[in-house]
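[1] generate coordinates for the sequence data below:
(2 chains)
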There are 2 protein chains.
Amino acid sequence: MGKSAEVVATEKRTRAAVEAYVKAWATNDRAALLSVFAEDAQWFDPVGTPAWVGRARIGEFWDQAHAGGSQLEPRVHRIVVCGNEAILLFKMVVRHPGGGGMALEVCDHMTVNERGQIQLAKAFWDEGCMASPD
Amino acid sequence: MGKSAEVVATEKRTRAAVEAYVKAWATNDRAALLSVFAEDAQWFDPVGTPAWVGRARIGEFWDQAHAGGSQLEPRVHRIVVCGNEAILLFKMVVRHPGGGGMALEVCDHMTVNERGQIQLAKAFWDEGCMASPD
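    Residues are numbered from 1 along each chain as shown, chains lettered A, B, ... in the order given. Below is the predicted model of the structure:
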């Protein structure tokens, strides 16, 4: 492919950010999740709804996702890295403490800044992406 | 979900554009492919390389993809629609007339304008997305 050393370094940084994002969900580590994002990051989840802007608001999003003691388990299908942008395909399995939950197929589009932080995250999912947890 | 009639109409238009895009590849219809794009559309394929800008350049991209009589067969995994944006997950199976070819897992991010045309297409794929055709 003949990628320059700069592109190789950028793509390494991009992949590391996406992997840190996944690990934060997998280990239920709120602080780690917030540290993956830029202070003024924007997160659309799903795309078409208003963004969560800034770490404080992203923390609120995290808290909503975990409300009532729900457990979230990300299962990665594929990470695609193109420069400072990446696609993360994964299934988020959500289990509620009283039983039940759901599995959501998600396509995240991430843009990573020069400090290796997620600057923009856009989660794509719609009604066709929802199923019961297995 | 309580989507407004406007959002429902937008998402119908978005999905129709993505489906027309897939159909154009599946039926090897160059004119149909071009008509799916806005006159001043931008297409990054893959993201990280310079855009093909405008229908004439997009036609060149099409011609490159079909050079030497290669046959391209898109196999759709999933279309996710969020407002006027969509994700298309598919495998493009490329077969060369002399034998051989490849299968490429692609994640396309499409933005569709108010006339139902693709205004911006971004194809995400990297080395990990390539395989032999089955």
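[2] which secondary structure elements does the biggest helix by length in chain A contact?
    For chain A, the longest helix by residue count, based on DSSP state H, is helix A:5-26. For helix A:5-26, the contact count by 3 or more C-beta pairs under 8 Å, 6 or more residues apart in numbering or on different chains; DSSP states H and E identifies helix A:30-36, strand A:71-82, strand A:85-95, strand A:101-112 as packing neighbours. From N, CA and C alone the C-beta is placed, and that goes for glycine too.
[3] name the residues of chain A found near chain B, please.
    By C-beta under 8 Å from any C-beta of the partner chain, the residues of chain A that approach chain B are A:1, A:7, A:11, A:46-48, A:78-83, A:85-87, A:89, A:105, A:107, A:109, A:122, A:124-129.
[4] from these, which would you call buried?
    When neighbours are counted using 16 or more other C-beta atoms under 10 Å in any protein chain shown, the residues of chain A next to chain B contain these buried positions: A:11, A:46-48, A:78-83, A:85-87, A:89, A:105, A:107, A:109, A:122, A:124-126, A:129.
[5] centroid residue for chain A?
    Nearest residue to the geometric centre of chain A (C-alpha atoms, centre = their mean): residue A:21, 5.6 Å.
[6] that one: what's it in contact with?
    Residue A:21 makes contact with A:33, A:36, A:88, A:108, A:110, A:118, according to C-beta atoms under 8 Å, 6 or more residues apart in numbering or on different chains.
[7] name the element residue A:56 belongs to?
    Under the criterion of DSSP states H and E, residue A:56 resides in helix A:55-65.
[8] what comes into contact with that helix?
    A:30, A:33, A:34, A:37, A:39, A:41, A:43, A:45, A:52, A:72, A:94.
[9] list the helices and strands the lowest-mean-pLDDT helix or strand in chain A packs on?
    Lowest by mean pLDDT, DSSP states H and E among the helices and strands of chain A is strand A:130-131, with a mean of 94. The contact analysis (3+ C-beta pairs under 8 Å, 6+ apart) places strand A:130-131 against strand A:101-112.
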